[in-house]
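Undergrad: Okay, predicted coordinates and the sequence, questions at the end:
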Amino acid sequence: MDGIKILIAGLPNAGKTTYIAALNGAIQTGGDFSLSYAGKTSELQYVNKVTRQWLEGKVVDHSTDDEPKYINWPLKNRNDDVINITIPDMKGEMYQDIINNDFNEGLAEFCKGASGIFFFINDIVKPVLKDHVQNIVSTDGGAVNQQEESAVSLSIEKVNDVVKAILVLKYLRNLIGDVRLAVAVSSWDMIESTYPSIEEYMKSECSALYNYVRYHFKDYKFYGVSAQGLKYDEHTGSLDKITVDGKRAYIFTTEKEYDLSIPLDYLTNNQQ
Ligand SMILES: Nc1nc2c(ncn2[C@@H]2O[C@H](COP(=O)(O)OP(=O)(O)O)[C@@H](O)[C@H]2O)c(=O)[nH]1
Ligand SMILES: [Mg+2]
């Protein structure tokens, strides 16, 4: 396939589908948006359905729980470069397999030749392994709760999302190599951050992921992404108006910018 291949990845619930829906919705509603269609998406009905939901201010459908979907979506930027956006939409268990080092052939095949990764993460501030830590030792070194002792084991299902995200990133890094990486912290509208930049936010609030990225990728950037633009059940005022005016979904790096394609631009342009 010609063009620049970009992989959109992240754990279930990381905000990938909402981003796709918002991107497509923003392209459809026009305005000064830097991407346009370059061909038909491989999952037209699905993409159209979630886009309609985004336009109507409804939470997008959850991914199917049966077969994984591999979406291919060709777009064009202002330089007429074709960007083939590829999105594996897989059920949670497939991610558990990956995290457990179970090589996934379907995913590997799909990811081959990607020159950039747009990685989504949500929910980053939960304390790591809190459930386990409180039962391990008391301050004087003895077991806090003898009965609970046998329950203290590391099970991947219970591991915090940040740790899982790092493990998935590690898998992709091994699979694809040191390609350009954009990391999105989704649902940015829910995060009441007073940090001057997303970089500062990541350094302080999610240093494990920040450091993993910093020491394993040469060329990377972080973004706050609000694809919904807001929390639907707390919104007053006209959603239609801000949608049509292009003032709904936004990206945050050091300020709010109403152009969801900023990270894709970074991943696809040639400058260092
Ligand atoms: N407030 C808010 N919620 C969001 C945003 N993006 C996603 N969500 C919510 O996060 C959840 C997971 O999003 P989804 O796109 O389905 O994640 P996926 O599994 O990675 O495709 C959904 O309940 C969305 O409503 C956002 O920008 N703002
Ligand atoms: Mg999804």
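TA: Noted; the coordinates are in hand. Ligands and ions are numbered 1, 2, ... in the order given.

Undergrad: which residue ranges form the helices in the stretch 1-150 of the chain?
TA: Ranges of helices in the stretch 1-150 of the chain, per DSSP state H, counting those that start in this stretch, are 16-28, 44-55, 92-99, 105-111, 130-136.

Undergrad: Can you convert those helices into a markdown table and add a column each for mean pLDDT, mean neighbour count and distance to K231?
TA: C-beta coordinates here come from the backbone N, C-alpha and C atoms, glycine included. Output for the helices of the stretch 1-150 of the chain, formatted as a markdown table (pLDDT from 0 to 100; neighbours: other C-beta atoms under 10 Å; distance: least, C-beta to C-beta, whole Å):
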| stretch | mean pLDDT | mean neighbour count | distance to K231 |
| --- | --- | --- | --- |
| helix 16-28 | 93 | 23 | 12 |
| helix 44-55 | 93 | 17 | 14 |
| helix 92-99 | 77 | 17 | 24 |
| helix 105-111 | 86 | 15 | 32 |
| helix 130-136 | 49 | 13 | 25 |
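
Undergrad: Let's have those helices in CSV, adding distance to ligand 2.
TA: As requested, the helices of the stretch 1-150 of the chain are arranged in CSV below (distance: least, C-beta to the ion, whole Å):
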stretch, distance to ligand 2
helix 16-28, 3
helix 44-55, 8
helix 92-99, 11
helix 105-111, 15
helix 130-136, 26
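
Undergrad: where does the stretch 151-272 of the chain have low pLDDT?
TA: Filtered on pLDDT under 70, the stretch 151-272 of the chain yields the residue ranges 151-158, 271-272.

Undergrad: what does it put close to ligand 2?
TA: With C-beta under 5 Å from the ion as the criterion, the stretch 151-272 of the chain does not meet ligand 2 at any residue.

Undergrad: which stretch among the helices of the stretch 1-150 of the chain comes nearest S261?
TA: helix 16-28 (7.0 Å; C-beta to C-beta).
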